[in-house]
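>>> Predicted model and sequence below, questions to follow.
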Amino acid sequence: MISKPITVFTTTDSLEEARKLAQTVVGKKLAACAQISKIESFYTWENEVQNESEFRILFKTTRKRYKDLEKEILELHSYDLPAIYAVDIDNIHEPFGEWIADNSTGN
């Protein structure tokens, strides 16, 4: 495998923004795939506990693409402090991992 597969997560407050992020990132080949899920979030912001509906975006990409993907998310994201974090994929069906690498080459 060329580069270690990872998943990168972020959240947004609208489906439209989530779709824009997913379309842009996959279109630029910074990730092979993006999945959007509706979630309920509890978090502290400005010393208050918040409870909001959000949309979580899971990107399937490679460790090599992480910094480019993070930069793209930051440029497009509406939050002052977006959650952006990656999780290594330690076990993966090898052909699927190769597909991720082949489709996360960047433009």
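Arrived safely. Residues are numbered from 1 along each chain as shown.

>>> ok, longest helix in this protein?
helix 15-27 (DSSP state H).

>>> count of residues packed around Glu54?
Residue neighbour count, defined by other Cβ atoms under 10 Å, stands at 19 for Glu54. All C-beta spots, glycine's among them, are computed from the backbone N, C-alpha and C.

>>> Equivalent analysis for Asn47, please.
Around Asn47 there are 5 other residues, counting by other Cβ under 10 Å.

>>> can you pull the pLDDT of it?
pLDDT, Asn47: 97.

>>> ok so, going back, how far does the longest helix of the chain sit from the chain's center?
10 Å (Cα atoms, centre = their mean, to the nearest Å).

>>> Give me the helices and strands touching it, please.
Helix 15-27 sits against strand 5-12, strand 33-45, strand 48-62, helix 66-76, with contacts defined as 3 or more Cβ pairs under 8 Å, 6 or more residues apart in numbering; DSSP states H and E.

>>> ok, how many other residues are close to Lys29?
Using other Cβ under 10 Å: Lys29 sits among 16 other residues.

>>> Surely it and Ile100 touch.
No. Using Cβ atoms under 8 Å, Lys29 is not in contact with Ile100, being 11.0 Å away.
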